[in-house]
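Participant: Any chance you could fold what I've pasted below:
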Amino acid sequence: MDQQQVEAYLKASGAERVVYVDEHDQPLGEVTRAEAQARGLITRCTFIFVFNSRGELCVHQRTAHKRLYPAFWDVAAGGVVAAGESYLEGAERELAEELGVQGVPLTEHFRFYFDSPDSRLWAGVFSCCWDGPLRLQPEEVQAARWVDLHDDWRRAGEQYAPDSQEALARLLKHPSLDLPA
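Facilitator: Next up is the predicted model:
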């Protein structure tokens, strides 16, 4: 992407309408994504863990122009739930946008509140199984690979998005996840 395309993407992203919520996930109102970020409001988001039939997890590298965690590796697809969307609808949209994965059933596992100096959000955690091709969204994803969670899959020098790392840690302890051994 050239600089003009990046700027257009960032402007459009900031103009998206989102719901902001309280610490109990109760809706308080609707604002632009840029306003929610500027004011430090709590928004809703999704994390979708994409496994293949061998139990490997798809991890992807965020583009360098992302506002939050630029060029970090992410263990889940996902993003902010748009105004008027359910968690499931947001998860389906984000999965199709970021990785080109569509028409696959999603399993909803749980929701949790994440609060850090960088981000405050209520997260809906989903997973799916996908053996098809990936189609990476150039505005948000610059690379992807499959990893075996049973091995030491993190690479030296890579940074990982802390919010999705928290979601993965919770998911791996959750009884609703049934991965191949």
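Participant: tell me the centre residue of this protein?
Facilitator: In the chain, the residue lying closest to the centroid (CA atoms, centre = their mean) is G78, at 2.5 Å.
Participant: For that one, give its distance to E23.
Facilitator: Per CB to CB, to the nearest Å, G78 is found 20 Å from E23. No exception for glycine: its C-beta is placed from N, CA and C like everyone else's.
Participant: What of Q159?
Facilitator: 28 Å.
Participant: of the two, who's got more company?
Facilitator: Q159 (13 against 10; other CB atoms under 10 Å).
Participant: Name all residues that make contact with the more buried one.
Facilitator: Y69, A71, F72, W73 (CB atoms under 8 Å, 6 or more residues apart in numbering).
Participant: Report the contact partners of V59.
Facilitator: V59 sits in contact with W73, D74, V75, A144, R145, W146, V147, W153, where contact means CB under 8 Å, 6+ apart.
Participant: from memory the second one sits against Q61, does it?
Facilitator: Going back to what we said before, that points to D74. Yes: using CB atoms under 8 Å, D74 makes contact with Q61 at a distance of 7.4 Å.
Participant: Look at these two and report which has more neighbours.
Facilitator: Neighbour tally, D74 and Q61, criterion other CB under 10 Å: the higher count belongs to D74, 24 against 18.
Participant: Which secondary structure state is assigned to L95?
Facilitator: helix (DSSP: H, G, I helix; E, B strand; the rest coil).
Participant: For Q159, give its distance to F126.
Facilitator: Taking CB to CB, one finds Q159 at 24 Å from F126.
Participant: picking that back up, ok, now how distant is the residue nearest to the centre of the chain from E94?
Facilitator: Distance from G78 to E94, by CB to CB: 5 Å.
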